[in-house]
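> with the sequence up front, the predicted model follows.
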Amino acid sequence: MHVQNPMLQGIEMAGLIGGISEQFIALMKRENEYLRQKDLQKIGDMQMEKARLGFAYESQIKILKENPAIAESLAPAVKQTLRQIVSELEAVAKENFILLSAAKHVNTKILEAIRDAAIEQKQAQKGYGAIAMPAAVRHRPDKQGVSVSLDERF
């Protein structure tokens, strides 16, 4: 961005950063609520918008940092408003990170439990063949093994 009138550009930049930040905050608050509800479909649906807003926010902050005259031209009240918005964005982003980390941890534990159960199930399948029958019964033609399945309805 080429800075010709820092004050005018500062007002435009502040409005743009404020608008992007407010949209980003609202989106992450919704995502945080969906994380609490474990609504993975809605979380997945909003990821493109989240990435777009994140990129737009970072781009505007980068321009602001590269052009200190813009930031210096802002009125103290505008600077304070931007600080409050950025502070709220950081708080919501921190909560979002914590909730995403917790969801990832839970999903990892579930996948590990499924993996362990599959391994255990595969190893336990040996019990249904003649190899797993007691030696006293294995060679007697009048005795047969019986397969049993339980479905938790007892």
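Thanks, I have it.

> please make it C-alpha for all contacts and neighbour counts, starting now.
Will do.

> wait, residue 13 sits on residue 60?
Yes: between residue 13 and residue 60 there is a contact at 7.4 Å, judged by C-alpha atoms under 8 Å.

> which ones are touching the most centrally placed residue in the chain?
The centre of the chain sits closest to residue 100, judged by C-alpha atoms, centre = their mean, with a distance of 3.7 Å. When contacts are counted by C-alpha atoms under 8 Å, 6 or more residues apart in numbering, residue 100 is found next to residue 35.

> again, only this time at 6 Å
Listed by C-alpha atoms under 6 Å, 6 or more residues apart in numbering, residue 100 has no contact partners.

> in what helix or strand does it lie?
Counting by DSSP states H and E, the element that carries residue 100 is helix 76-124.

> what about residue 104, how many residues nearby?
Counted with other C-alpha atoms under 10 Å, the neighbours of residue 104 add up to 12.

> ugh, wrong one, residue 71
Neighbour count for residue 71, taken as other C-alpha under 10 Å: 20.

> check residue 10 too.
Number of residues near residue 10 (other C-alpha under 10 Å) recorded here: 23.

> list the contacts for it?
By C-alpha under 6 Å, 6+ apart, residue 10 lies in contact with 70, 74.

> distance of it from residue 16?
Distance of residue 10 to residue 16, given as C-alpha to C-alpha, to the nearest Å: 10 Å.

> return the helix or strand in this structure with minimum mean pLDDT.
Within the chain, confidence by mean pLDDT, DSSP states H and E is lowest for helix 135-138 among all helices and strands, at a mean of 56.

> can you pull out the low-pLDDT segments for the chain?
Along the chain, segments meeting pLDDT under 70 span 1-4, 6, 124-154.

> off-centre distance for the helix holding residue 100?
Relative to its chain's centre, helix 76-124 lies at 5 Å (C-alpha atoms, centre = their mean, to the nearest Å).
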